[in-house]
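In: kindly generate the corresponding structure for this input.
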Amino acid sequence: MPTPSGDPQSPTTIYPVDAAVSTHTTCPPETDRLATWRASSEERIEPNADDDVSSATVPRPALAQIDQPQNAHSQTVPSPSLGIEISPQSSTQTMDSTDHDVAMESPSPAASVSSSEGASSAQTYPTSSSTSSTTLSMDYAFSNVRLLPNHCSSFLRAGSKFVGTQQSDRQIYNVDVEIKHVDMAESYLCGYLRIQGLTEDHPTLTTYFEAEIIGTKYTFLTKHQSWGATDKTDLQHWARFPAWRPLARSARKSEFTYKNFTQHPDIFMRWKEYFLVPDHRVRTISGASFEGFYYICFNQIKGTVSGIYFHAKSEKYQQLELKPVENKGCFGAIEFR
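Out: Okay, the predicted model is just below:
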């Protein structure tokens, strides 16, 4: 703020105009701003003077009526906004008709309530109808079925990835697995299995697989004859997992049910490959086969996967070992309601 020029105690300092312009690169100089302010003040004063003249010449009946004494027999009744006067000598019929005209013409809320009740009720119905139809259309766009995440381990959920190897007597292959969907209530999950270096013509092969999780829906004994496994084959392969040995005696029974399987540190599954990705029409590849399946033991605490591949025409007991890939920025699910 500039210092007032009439202050005797403040020393007067004269700054060159060029310095003021250079120090305020984003603002006009003081001299320019003063001139602009004076011009704008004069422009504001002139319309105000015209307004005073016009206000003096135009009569204001509504304000003139306020100073008159309030008398029900001698005072004229002013309208709130139109200034309509009703003569006290007029008949009762004339007063009623005039009041009716004032009520019809006055835009005030008090005078227009009775006349607008019918219109308001008529306008309320289509408004509520359109609102309800809009609400119904919005509700119809969103499904009422809630797809809540249903997994028991942070390592085994949609989006989880694992890397490791599959080892046979002759060679070791790099393998990575990506889980696409997990539903523990249905004892089901699915995903992609990618193996590298299996054949020279196909350096990388990706297959789609689905899993049967051993629990209340599936037992340790394979029920699919097309998979080529018998009860003896199942017991031989499950016995190679140390976590299965405490269950060996009970699991031999066909009616055995593995209850509360999600509460145990190890989860047992069967992974069955179904087709190649992306071309699902390819069923056979020279030098490779995906007609078998894996016996899987998943540790919920460490997130590790141990598996044994089985196929009647393939090498026995091919070992699969996978470790989880850390992905701390991945969320299981998020829902807006």
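In: residue 244 against residue 236, yeah?
Out: No. Under the criterion of C-beta atoms under 8 Å, residue 244 makes no contact with residue 236, lying 11.3 Å away. C-betas here are computed from N, CA, C, even on glycine.
In: of the two, give the one with the bigger neighbour count.
Out: residue 244 (19 against 16; other C-beta atoms under 10 Å).
In: what about the closest residue to residue 312 other than its chain neighbours, neighbour count?
Out: Nearest residue to residue 312, sequence neighbours excluded (C-beta to C-beta, 6 or more residues apart in numbering): residue 228, at 4.5 Å. When neighbours are defined as other C-beta under 10 Å, residue 228 has 15 of them.
In: kindly report the same for residue 231.
Out: Neighbours of residue 231 (other C-beta under 10 Å): 12.
In: show me the contacts for it.
Out: By C-beta atoms under 8 Å, 6 or more residues apart in numbering, the residues touching residue 231 are residue 221.
In: hmm, back to that, isn't the residue nearest to residue 312 right up against residue 272?
Out: No. The pair residue 228 / residue 272 is not scored as a contact, 11.5 Å apart, by C-beta under 8 Å.
In: quick check: chain neighbours aside, which residue is closest to residue 237?
Out: In space, and not counting its chain neighbours, residue 237 is closest to residue 295: 4.5 Å by C-beta to C-beta, 6+ apart.
In: after the strand or helix carrying that neighbour, next one along is what?
Out: Secondary-structure assignment from DSSP states H and E places residue 295 in strand 293-299. Going down the chain from strand 293-299, the next helix or strand is strand 305-310, by DSSP H and E.
In: partner strands of that next one and their direction?
Out: Sheet pairing of strand 305-310 (DSSP bridges) gives strand 293-299 (antiparallel), strand 318-324 (antiparallel).
In: sketch out the low-pLDDT regions of the stretch 101-250 of the chain for me.
Out: Residues of the stretch 101-250 of the chain meeting the criterion pLDDT under 70: 101-143, 145-151.
In: now do the helices in it.
Out: 109-141, 231-238, 248-251 (DSSP state H, counting those that start in this stretch).
In: so where do the strands sit in this structure?
Out: 161-167, 172-183, 188-196, 204-213, 266-276, 293-299, 305-310, 318-324 (DSSP state E).
In: okay, those in a markdown table with mean neighbour count next?
Out: Shown next, in a markdown table, are the strands of the chain (neighbours: other C-beta atoms under 10 Å):
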| stretch | mean neighbour count |
| --- | --- |
| strand 161-167 | 18 |
| strand 172-183 | 17 |
| strand 188-196 | 19 |
| strand 204-213 | 19 |
| strand 266-276 | 20 |
| strand 293-299 | 22 |
| strand 305-310 | 22 |
| strand 318-324 | 18 |
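In: quick check: which of these is nearest to residue 232?
Out: Between residue 232 and those, the tightest spacing by C-beta to C-beta is seen for strand 305-310, at 12.1 Å.
In: how close does residue 306 sit to residue 299?
Out: Distance of residue 306 to residue 299, given as C-beta to C-beta, to the nearest Å: 8 Å.
In: how about the nearest residue to residue 259, chain neighbours excluded?
Out: Counting by C-beta to C-beta, 6+ apart, the residue nearest residue 259 is residue 216, at 6.4 Å.
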